[in-house]
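**Q** A structural model of the following input is requested.
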Amino acid sequence: MPPIKGKVKGSQGGSTLKVSKARGQRTSVVGAKVTVKDDESVTEAGEAHGEEWMQAKTLIKPEDQLELSEEELKEEFTRILTANNPHAPQNIVRYNFKEGCFKQTSHVDQLAIHFSLDGNMIHKDSDEARRQKAKYGATEVASEQAISEAGGEGKEEGEGEGEKEEGEDGEKRDEDTTPAPGGSEAKLTNQFNFSERASQTYNNPYRERGSQTEPPPRANFSSTANQWEIYDAYMEDLEKQEKAKEKKAPTKKDDDKTRKKLTALETQSDDISRIGNASKIIERMVNQNTFDDVAQDFKYWEDVSDEYRDQEGTCLPLWKFTYDKAKRLAVTSLCTNPKYKDLFAVGHGSYDFMKQTRGMVLCYSMKNPSFPEFIYPTDSGVMCLDIHPEHPYLVAVGFYDGSVGVFNMTKQDTKPLYQSTAKTGKHTDPVWQVAWQKDDLDNNLNFFSVSSDGRVTSWTLVKNELTYTDVIQLKLDDVPQEGPEGTQLTPLGCGTCFDFHKQTDYLFLVGTEEGKIHKCSKAYSSQFLDTFDAHHMAVYSVQWNYFHPKIFISCSADWSVKIWDHTYKKGPMFTFDLGSSVGDVAWAPYSATVFAAVTADGKVHVFDLNINKYEPICEQAVVQKKKTKLCHIAFNPSHPIILVGDDRGYVTSLKLSPNLRKYPKDKKGNPLNQGPEFEIGKMDKLLALVREPPSTTEKN
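**A** Here you go, the predicted structure:
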């Protein structure tokens with residue numbers, strides 16, 4: 001390679017520099033002359049001043065570099081190296097089932113595995129190693145020879161390097177490579193041929209992928225329609241239906257196939273519903289055989305001894321109706337069905353106001369006394385009920401919590417068809433009585449209710465809801481009392497019972513807990529037509545006579561039963577003291593002078609004013625235990641039977657003897673049907689005897 005020539009500017013003028021690229025040459029500078037000698041030559045004098053020609057080192061700074069002071073330069077910045085993965089996502093969100101929302105996970109996996117190799121090594125002294133040695137003995141000997149040859153070459157290389165290096169390192173390697181005194185094999189320095197390597201894989205960049213679906217195809221369609229096109233379309237549809245019916249004509253094979261296709265999805269209730277009517281008939285037949293003597297007494301038995309006692313009668317106990325789940329609930333209401341004479345409804349609740357639980361509406365038939373025909377459990381206690389006279393499947397019910405409801409016995413649903421709530425104006429106190437009325441001008445069904453909150457309310461069934469209207473409020477005093485801060489408070493009485501006139505639709509009576517009976521009208525909602533100071537304690541029942549339009553009866557907890565003429569204001573027509581709290585009273589539907597009452601001592605009292613105006617013609621205990629109280633009584637509209645309910649959930653049916661149901665007879669002994677005029681005449685004769693004759697001043 002030719003020498004490189006260059007010029008160097010010195011302090012004493014120009015000088016030439018010759019540099020050859022030969023290996024091991026050194027340069028020396030003497031004054032202005034530069035000589036080049038070999039390595040073996042000795043440098044000339046003046047070597048100490050040889051560096052004067054070299055240029056001074058200067059620091060070149062970039063233009064955008066910051067100029068820092070010494071304090072800033074001395075400031076230390078600590079950088080902490082962590083093992084966190086820079087590519088690990090920090091915003092992973094998972095659903096938290098406990099809190100019901102998405103939450104970000106606090107722990108992120110920072111581990112990144114660059115290389116993984118699964119190996120299998122066994123100990124050379126183990127049984128598996130011995131078996132492998134025995135199996136692969138020949139190959140093992142060959143491998144050992146290869147290893148020994150490799151060890152010898154390593155030894156020679158080690159000795160060559162030991163000569164170049166000094167002292168202790170060479171001696172150690174010689175000792176390591178020297179064979180053991182007891183064996184012929186040389187000890188290898190690196191038995192497993194181990195070499196440490198490290199590598200790091202390249203992390204691929206993340207890619208985002210997205211896809212977009214094509215919108216579904218659309219087509220615009222427009223057409224006009226007239227009567228003929230509509231008619232043609234209906235005719236085509238009709239022809240298709242007729243053809244489909246012809247194709248689906250039932251055959252025996254198809255019937256067999258459909259029967260075979262019935263699966264186990266049919267529940268037990270469906271199976272029972274198929275034989276429901278037949279099972280009811282068989283159940284009634286079995287009960288008729290079981291209670292054959294009672295059925296014979298109901299149909300044919302007459303007390304012959306009544307012929308020898310003109311003014312006395314008896315009650316023969318027949319069936320006793322009970323239901324296991326209603327034994328601890330008192331009978332709070334009884335109502336016979338106006339169309340089906342053997343059917344009657346029973347309301348179950350509790351008169352113990354500290355132990356209010358559930359309630360129940362049961363419908364019994366005299367053809368099956370062992371089990372009720374319909375069962376409707378309720379959350380609140382049932383306090384009253386009434387069956388519609390024209391729609392015998394509708395039952396209006398009043399509850400202890402102040403709500404009213406309507407049950408439909410033709411539906412299998414046990415919940416009421418209609419029910420009032422706090423939003424729809426329910427009572428704030430227990431509902432003591434409900435009564436169906438004639439349909440309103442819009443032909444909507446409606447009924448009335450009376451409650452302890454002092455309201456008499458009309459309920460109308462409109463579509464799927466109950467609408468209410470307050471008919472009258474039972475005010476105690478006409479003059480309101482002064483309340484706090486000058487407010488005017490009108491105290492309200494507690495309504496306990498009511499009854500509507502049989503002929504005059506707008507007229508009705510309301511009994512109160514204060515012992516008063518108010519005569520009211522549907523047309524006047526602000527005041528009463530008249531008020532009777534009837535009893536000293538709560539009025540439990542009030543009822544108009546079926547025949548006489550002026551007469552009504554009332555009973556109370558003050559042990560008394562009173563008969564009133566609503567046009568006579570001087571007092572009751574008749575008063576009877578029964579010696580115990582009277583729970584209920586009812587007029588007989590076959591006579592204007594016969595009524596019956598039940599008392600808390602477990603007795604039934606039957607009166608016939610035409611026979612005896614002072615005492616009952618039948619006074620009979622119908623419960624065994626003295627603690628049992630009779631609560632309600634009801635006459636059957638067609639049979640000579642009365643139903644009596646007690647506070648233990650039992651309903652007892654009693655047959656009246658002939659003296660308790662006497663009919664007018666002709667000379668031959670045949671009963672005469674004189675009509676309501678005859679019954680009114682009988683009652684007028686009795687009233688004429690007890691009324692005070694008009695005074696002379698009134699005549700004038």
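**Q** and Ala557, how many residues sit next to it?
**A** 19 (other Cβ atoms under 10 Å). (C-beta placed from N, C-alpha, C; glycine too.)
**Q** Correct me if wrong: it contacts Met537.
**A** Yes: counting by Cβ atoms under 8 Å, Ala557 does reach Met537; the two are 4.1 Å apart.
**Q** Look at Glu307 and tell me its secondary structure.
**A** Under DSSP: H, G, I helix; E, B strand; the rest coil, the three-state class of Glu307 is helix.
**Q** if I look at it, how far off is Gln620?
**A** 19 Å (Cβ to Cβ, to the nearest Å).
**Q** okay, these two: which has more neighbours?
**A** More crowded of Glu307 and Gln620, by other Cβ under 10 Å: Gln620, with 16 against 10.
**Q** my guess is that one contacts Glu312, does it?
**A** No: in this structure, Gln620 is not within contact of Glu312 by Cβ under 8 Å, at 10.5 Å.
**Q** number of nearby residues for the closest residue in space to Tyr340 that isn't next to it in sequence?
**A** If you skip the residues right next to it in sequence, Tyr340 has Pro392 as its closest partner in space, 6.2 Å away by Cβ to Cβ, 6 or more residues apart in numbering. Look at Pro392: counted by other Cβ under 10 Å, it has 15 neighbours.
**Q** Tell me which residues touch Pro392, please.
**A** Pro392 makes contacts with 337-340, 343, as judged by Cβ atoms under 8 Å, 6 or more residues apart in numbering.
**Q** Using PDB, write out every CA atom in the strand or helix carrying Ile230.
**A** Here Ile230 sits within helix 227-247, counting by DSSP states H and E. C-alpha atoms of helix 227-247 as PDB (Å, rounded to 0.1, in the frame of the first residue of the first chain):
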ATOM      1  CA  GLN A 227    -113.700  -3.300  -0.900                       C
ATOM      2  CA  TRP A 228    -113.500  -5.800  -3.700                       C
ATOM      3  CA  GLU A 229    -109.800  -6.600  -3.100                       C
ATOM      4  CA  ILE A 230    -110.500  -7.100   0.600                       C
ATOM      5  CA  TYR A 231    -113.500  -9.300  -0.200                       C
ATOM      6  CA  ASP A 232    -111.500 -11.400  -2.700                       C
ATOM      7  CA  ALA A 233    -108.700 -11.800  -0.100                       C
ATOM      8  CA  TYR A 234    -111.200 -13.100   2.500                       C
ATOM      9  CA  MET A 235    -112.800 -15.500   0.100                       C
ATOM     10  CA  GLU A 236    -109.400 -16.900  -0.900                       C
ATOM     11  CA  ASP A 237    -108.500 -17.400   2.800                       C
ATOM     12  CA  LEU A 238    -111.900 -19.100   3.400                       C
ATOM     13  CA  GLU A 239    -111.300 -21.500   0.600                       C
ATOM     14  CA  LYS A 240    -107.800 -22.300   2.000                       C
ATOM     15  CA  GLN A 241    -109.300 -23.000   5.400                       C
ATOM     16  CA  GLU A 242    -112.000 -25.300   4.000                       C
ATOM     17  CA  LYS A 243    -109.400 -27.200   2.000                       C
ATOM     18  CA  ALA A 244    -107.200 -27.600   5.100                       C
ATOM     19  CA  LYS A 245    -110.200 -29.000   7.000                       C
ATOM     20  CA  GLU A 246    -110.900 -31.500   4.300                       C
ATOM     21  CA  LYS A 247    -107.300 -32.600   4.400                       C
END
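**Q** buried sites along it?
**A** By neighbour count, with 16 or more other Cβ atoms under 10 Å as the criterion, helix 227-247 contains no buried position.
**Q** mean confidence for that helix?
**A** Helix 227-247 comes out with an average pLDDT of 88.
**Q** wouldn't Cys631 be in contact with Gly649 here?
**A** No: if you go by Cβ under 8 Å, Cys631 and Gly649 don't touch, sitting 10.3 Å apart.
**Q** shared neighbours, the two?
**A** Counting by Cβ under 8 Å, 6+ apart, the contacts common to Cys631 and Gly649 are 330-331.
**Q** Tell me where the stretch 301-450 of the chain has strands.
**A** Assignment of strands within the stretch 301-450 of the chain using DSSP state E, counting those that start in this stretch yields the ranges 315-321, 330-336, 343-349, 359-365, 374-378, 382-387, 394-399, 404-408, 418-419, 431-437, 446-451.
**Q** how about TSV for those, with mean neighbour count and distance to Thr490 added?
**A** TSV is the format used below for the strands of the stretch 301-450 of the chain (neighbours: other Cβ atoms under 10 Å; distance: least, Cβ to Cβ, whole Å):
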stretch	mean neighbour count	distance to Thr490
strand 315-321	18	44
strand 330-336	23	30
strand 343-349	26	30
strand 359-365	23	32
strand 374-378	19	33
strand 382-387	24	25
strand 394-399	26	24
strand 404-408	23	24
strand 418-419	19	29
strand 431-437	23	21
strand 446-451	24	17
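**Q** Save those strands as JSON lines, and put in mean pLDDT and distance to Met285 too.
**A** Formatted as JSON lines, the strands of the stretch 301-450 of the chain follow (pLDDT from 0 to 100; distance: least, Cβ to Cβ, whole Å):
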{"stretch": "strand 315-321", "mean pLDDT": "88", "distance to Met285": "16"}
{"stretch": "strand 330-336", "mean pLDDT": "91", "distance to Met285": "24"}
{"stretch": "strand 343-349", "mean pLDDT": "91", "distance to Met285": "18"}
{"stretch": "strand 359-365", "mean pLDDT": "90", "distance to Met285": "13"}
{"stretch": "strand 374-378", "mean pLDDT": "89", "distance to Met285": "20"}
{"stretch": "strand 382-387", "mean pLDDT": "92", "distance to Met285": "27"}
{"stretch": "strand 394-399", "mean pLDDT": "91", "distance to Met285": "27"}
{"stretch": "strand 404-408", "mean pLDDT": "90", "distance to Met285": "28"}
{"stretch": "strand 418-419", "mean pLDDT": "87", "distance to Met285": "37"}
{"stretch": "strand 431-437", "mean pLDDT": "91", "distance to Met285": "34"}
{"stretch": "strand 446-451", "mean pLDDT": "91", "distance to Met285": "37"}
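**Q** Fine by me, thanks again.
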